[in-house]
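Peer 1: Fold the following and give me the result.
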Amino acid sequence: MTRKFVAPALIVLAVLAIGALVYTFTRATPPTPATATAPPHWITTSATVDGVRPGPDAASVVIHVSLPAGGPGCSRSPRVEPASETPAELATTVQANVVFESANQAQGGCPTQAPAEVPFTLAAPLGDRPLVLNFEAWHPTGTTFARCDKFLGCKPPAEHCAAGWVDRVVFDLDVPVKHLERARKVLACDGSWLVLALNRHVGECPTEGASCVPDSGPSQRVVYSWDPRGWQLETGTKTGTCNEIRAALPKFPAALCAKLP
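Peer 2: Sure, this is the predicted structure:
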């Protein structure tokens, strides 16, 4: 009779032993730790300056900038830092860098732009000194500031025939900057009309040395008229003769036409 109860008892003991092992293993195994998220890496970079206006006093300005936006970590802390290349404030100019911090460098991670204002207090009143921000100069115009022109500077020459005005109009023709002076020759200018001899093939010339007229084409005479925006293209000529110019532009002065070589 005893033998009939041995097997069931052993089975019960085995089940209890297995359960104890499972319980012990479960309690002894620690939970898997969650993966730690690395803190964002913020990088300081130059801001895009859209404009400048006077501040509440003569020694302050407010700088308008556009900052990346539309995603996490696009921008923070826009501010002005002193320019390290030269002393920040000189007798003739004030230099500074406008920067912000960004932790989002992903392609398309910041698809929009957000405006921001950055106050800047100077050590002394700005006066009429240019304000150089991120290597771009601005000059006060009374109630606001304007960008200084690459060729005309902060105070454009009053003389319309000055080299800066001529170089500016030639640059708009997409002539390489290193060839600007060699690309054009002033044939006549009276402040209201300008006639240039343009060599559009100067890119084929060496960057150094004497003047060059490449084999691919001669220079062309082009006529400009003056308006408040600067020199405006009127016409190009095939022969460059006075008759051709005055046929296209009856208002072109005969006295100036007669001075053309």
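Peer 1: So residue 165, which state does it fall into?
Peer 2: helix (DSSP: H, G, I helix; E, B strand; the rest coil).
Peer 1: Could you check how far it is from residue 159?
Peer 2: Between residue 165 and residue 159 the distance is 8 Å, computed by CB to CB, to the nearest Å. All C-beta atoms are positioned from the backbone trio N, CA, C, and that covers glycine.
Peer 1: If you count surrounding residues, which of the two has more?
Peer 2: Neighbour count, other CB atoms under 10 Å: between residue 165 and residue 159, residue 165 has more, with 23 against 11.
Peer 1: which residues does the more buried one contact?
Peer 2: Residue 165 makes contact with 151-152, 156-157, 230-231, according to CB atoms under 8 Å, 6 or more residues apart in numbering.
Peer 1: Report pLDDT for it.
Peer 2: pLDDT recorded at residue 165 is 92.
Peer 1: Break the chain down into its structural domains.
Peer 2: Per automatic domain parsing, the domain ranges recorded for the chain read 43-147, 163-257.
Peer 1: Where among those is average confidence lowest?
Peer 2: domain 163-257 - the lowest mean pLDDT of the domains of the chain, at a mean of 78.
Peer 1: Look up the residues forming beta bridges with residue 147.
Peer 2: Counting by DSSP bridges, residue 147 forms beta bridges with residue 138.
Peer 1: okay, now it: neighbour count?
Peer 2: As a measure of burial, residue 147 has 14 neighbours, counting by other CB under 10 Å.
Peer 1: how close does it sit to residue 197?
Peer 2: 31 Å.
Peer 1: now do residue 166
Peer 2: Residue 166 is 12 Å from residue 197, where distance means CB to CB.
Peer 1: Equivalent analysis for residue 77, please.
Peer 2: In terms of CB to CB, residue 77 sits 53 Å off from residue 197.
Peer 1: Could you do residue 170 as well?
Peer 2: Relative to residue 197, and taking CB to CB, residue 170 is found at 11 Å.
Peer 1: Could you do residue 154 as well?
Peer 2: For residue 154 relative to residue 197 (CB to CB), the value is 30 Å.
Peer 1: Kindly report the same for residue 190.
Peer 2: From residue 190 over to residue 197 (counting by CB to CB), the distance is 17 Å.
Peer 1: who's more crowded, the two?
Peer 2: Just comparing residue 190 and residue 197: by other CB under 10 Å the higher neighbour count belongs to residue 197, 17 against 14.
Peer 1: Quick one: residues contacting that one.
Peer 2: Contacts of residue 197 (CB under 8 Å, 6+ apart): 184-185, 187, 219-221, 240.
Peer 1: Just the buried positions in stretch 134-154, please.
Peer 2: Across stretch 134-154, burial judged by 16 or more other CB atoms under 10 Å covers 134, 137-140, 145, 148-149, 151, 154.
Peer 1: what's the span of it from first residue to last?
Peer 2: 16 Å (CA to CA, to the nearest Å).
Peer 1: what separates it from the chain centre, distance-wise?
Peer 2: 15 Å (CA atoms, centre = their mean, to the nearest Å).
Peer 1: do stretch 47-61 as well
Peer 2: For stretch 47-61, the distance to the chain centre is 18 Å (CA atoms, centre = their mean).
Peer 1: First-to-last residue distance for it?
Peer 2: 16 Å.
Peer 1: I would like the residues contacting that stretch, please.
Peer 2: So stretch 47-61 is contacted by 62-67, 78, 98-100, 113, 115, 118-127, 131, 133-134, 136, 138, 140, 143-145 (CB under 8 Å, 6+ apart).
Peer 1: which residues sit in contact with residue 106?
Peer 2: With CB under 8 Å, 6+ apart, residue 106 has these contacts: residue 71.
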